[in-house]
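K.L.:
I would like to see how this sequence folds:
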Amino acid sequence: MRFLFRSIKWFFRSLWRIINFTRLLLINLIFIAIILAIVIGLREEKPETTIQEGALVLDLAGKLVEQPSTPNPADQLMEKWLSDKDKPREIAVGDVVYAIQQAKQDPRVKGIVLKTADLETASIGKLLTITQALDDFRQSKKPVVAVGNFYQQHQYLLAAHADTILLNPAGAVAIQGLGLYTLYFKSALDKFNLTPHVFRVGTYKSFVEPYIRDDMSPEAREANQRWLNVLWQQYVDNVSAARHIAADAVSPSKEQVLARLTKAEGNAAQYALDQGLVDELSTYDESIETIQHFAGKDGHDFRSIALSDYLHALPARYKQQANKPSIGLLVAAGTIVDADNQPGTIGGDALAKQIRDAMYDKDIKGLVLRIDSPGGSAFAADQIRTALLAFKARGKPLVVSMGSMAASGGYWIAADADKIFAEPSTITGSIGVFGMFLTADKALNALGVHTDGLGTTDFTGISPAQPLPEHIKQIVQMNVENTYQRFLDLVAEGRGMTPDQVDKIAQGRVWVGTDAKKLGLVDTLGDLTQATAEAGKLAKVTDYQVKLIEPELSAKDKLLRELFDQSAELLPASVTHSALGSVALQWWKASNQALQPLNALQDPQGIYSYCPVCQ
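P.N.:
Residues are numbered from 1 along each chain as shown. All right, here's what the predicted structure looks like:
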């Protein structure tokens, strides 16, 4: 049926190419302009990193991710050249946890200083993974101090697990709760004479609602409220237990907030202190003195160890020995696309190839697939699943470890695992399918532009410039329904259920990990470490190593990555603080962000199993 969807695919790919052309042109111009700086950088040797005694500073500036993406090196150079912040854009949760674990027994590390001011919004699951490591570190009796002028809700979840939370006297702790607010475009599309064509199965598959409604449907509202409430209760319980304070100090009613803030005379910092959310109100200089007591002095500052330097000095997290039994670890993070890997996506063919490589690796006795994905292309997800089934057919066990999310297409590739582990806050389920595209025939007609022509069959001339024929609508809907039924069947087969049983908990509905376990969608609540141990048990190996299976880079990308790693710090900084640099960087980031939705819309048949609310 692919020929029926060529026009749809052409529409999105044409839009992609137009936007991407300007971006790629600028990339090449910038790359040529700075190549001389790269060559110069290669001639200089980097000093070896040495670690002295002090406090390990977890300055988590950027975005927490399951696995850092592998962007085009020119993208990295552009960011480095135009940005005035020498901080990582992406921070691997595993790296942070590994550093904390090593610091626990490291005599050079006298404690941890937690800084979260520049931490971008992160999922509760990723944050809780780090908090568990902080709790374990505190058993060493080394102090953990959180320092901040202002704590946003996600930042405070980490800070709550420190021994001492310091807050600027002019600052505040902002805990608002969880919400889900979406823009709806139906009226706007009507005004522009654009016609959305939506095909879906699943009462709760709400991805398409913004294009066919001006508000959230009652079904979506009811389903979303449930999983939001479950996640929020987990947040409240966690902070309440960590801080030894009442739940209503974390999540008070509006009446309680007004009364307590009135008592504090409107002082938000004093309010946080009164409620036990923080331990001390401390200026910058006072905070330095507090940390100096255990970290030591370094002039007017305290002795510190940067996270990046510490990680660089540590041995590799996954040491490899030749010919030793291994449990393969493969990370599937991002939107599933039927295209080459783009930063932050899972290419169906690329991941399937990695799975097959693991299948033929004689040292790999089992595989752990770590999933952190809201789904995407149904076709690409099925290619991945096919490769996973082939892996299992070789007699090697497959264990899935769900991260923050494994929903829609993310669950599609998980369902056949021998064991599925989810974390309590994992967002999963969303078993549903949809197809969607726009036609602009009415808009063109209003402008005086008309389409006419002829063809030999009823299937020629299908394009966004013409109305969608009724028989094509029926064909697409049947295809969507068939894909949904296949989804039910594969889940039923993988989970030992009947399709009817799956359908009752499917229909696009989103579930949190704790509910998913009760419903049989996952086997065990546990983390990646527990999932790896289970894979070793199923493979009947005790003395094994974990082999991280990383994406392969082309020879060109490997060369460019090496050039960037060795010389990026020598790039000219003359643009950094200029207005031109600021505007250029904002344009650069905006263009990358604008391309992300287009990445997801590349299924050959225009059919998707995707959960936007899971991100």
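
K.L.:
same for the strand or helix carrying residue 172, what does it pack against?
P.N.:
Element membership for residue 172 (DSSP states H and E) is strand 164-173. On a contact count with 3 or more C-beta pairs under 8 Å, 6 or more residues apart in numbering; DSSP states H and E, strand 164-173 meets strand 144-151, helix 268-274, strand 280-281, helix 284-295. Every residue, glycine included, has its C-beta placed from N, CA and C.

K.L.:
For residue 446, which of those is the nearest?
P.N.:
strand 144-151 (49.3 Å; C-beta to C-beta).

K.L.:
What strands line up against the closest one, and which way round?
P.N.:
strand 109-115 (parallel), strand 164-173 (parallel) (DSSP bridges).

K.L.:
starting at the chain centroid, how far to the helix or strand that the last one is followed by?
P.N.:
Following the chain from strand 164-173 toward its C-terminal end, the next helix or strand by DSSP H and E is helix 186-191. Relative to the mean C-alpha coordinate of its chain, helix 186-191 is positioned 31 Å out (C-alpha atoms, centre = their mean, to the nearest Å).

K.L.:
Could you list the buried residues of helix 186-191?
P.N.:
Going by neighbour count (16 or more other C-beta atoms under 10 Å), the buried part of helix 186-191 is residue 189.

K.L.:
what comes into contact with that helix?
P.N.:
With contacts defined as C-beta atoms under 8 Å, 6 or more residues apart in numbering, helix 186-191 is touched by 195, 196, 210, 211, 212, 213, 214, 438.

K.L.:
wait, what's in contact with the residue nearest to the fifth one when sequence neighbours are not counted?
P.N.:
Of all residues not flanking residue 212 in the chain, residue 198 sits nearest, at 5.5 Å (C-beta to C-beta, 6 or more residues apart in numbering). Under the criterion of C-beta under 8 Å, 6+ apart, the contact list for residue 198 reads 208, 211, 212, 434, 435, 436.

K.L.:
farthest-separated two in the residues you listed?
P.N.:
Taking C-beta to C-beta, the two most distant members of the contacts of residue 198 are 212 and 435; they sit 13.0 Å apart.

K.L.:
When the two are compared, which one has more neighbours?
P.N.:
Relative neighbour count places residue 435 above the other of residue 212 and residue 435, with 23 against 16, counting by other C-beta atoms under 10 Å.

K.L.:
how near is that one to residue 458?
P.N.:
Residue 435 sits 19 Å away from residue 458, going by C-beta to C-beta, to the nearest Å.

K.L.:
Equivalent analysis for residue 235, please.
P.N.:
Taking C-beta to C-beta as the measure, residue 235 falls 55 Å from residue 458.

K.L.:
returning to that earlier point: what about the residue nearest to residue 212, which helix or strand?
P.N.:
Per DSSP H and E, residue 198 falls inside strand 195-201.

K.L.:
strand partners of that strand, parallel vs antiparallel please.
P.N.:
Applying DSSP bridges to the sheet, strand 195-201 is found paired with strand 433-439 (antiparallel).

K.L.:
Name the residues of the strand it pairs with that are buried.
P.N.:
Buried positions in strand 433-439, judged by neighbour count with 16+ other C-beta under 10 Å: 433, 434, 435, 436, 437, 438, 439.

K.L.:
Buried only: go through the contacts of helix 186-191 for me.
P.N.:
195, 196, 210, 211, 212, 438.

K.L.:
These: which two are farthest apart?
P.N.:
Farthest pair in these (C-beta to C-beta) is 195 and 210. Separation: 15.0 Å.

K.L.:
how near is residue 488 to residue 495?
P.N.:
Taking C-beta to C-beta, one finds residue 488 at 11 Å from residue 495.

K.L.:
Now the common contact residues for these two.
P.N.:
Joint contacts of residue 488 and residue 495 (C-beta under 8 Å, 6+ apart) are residue 502.

K.L.:
At the geometric centre of the chain, which residue sits there?
P.N.:
Residue closest to the mean C-alpha point of the chain, counted by C-alpha atoms, centre = their mean, is residue 65 at 5.4 Å.

K.L.:
Double-check that one against residue 89; I have them as touching.
P.N.:
No. Using C-beta atoms under 8 Å as the test, residue 65 is too far from residue 89 to be in contact (9.5 Å).

K.L.:
Spell out the residue ranges of the helices in the stretch 401-550 of the chain.
P.N.:
Listed in chain order, the helices of the stretch 401-550 of the chain (DSSP state H, counting those that start in this stretch) span 409-412, 441-446, 470-495, 499-505, 513-519, 528-539.
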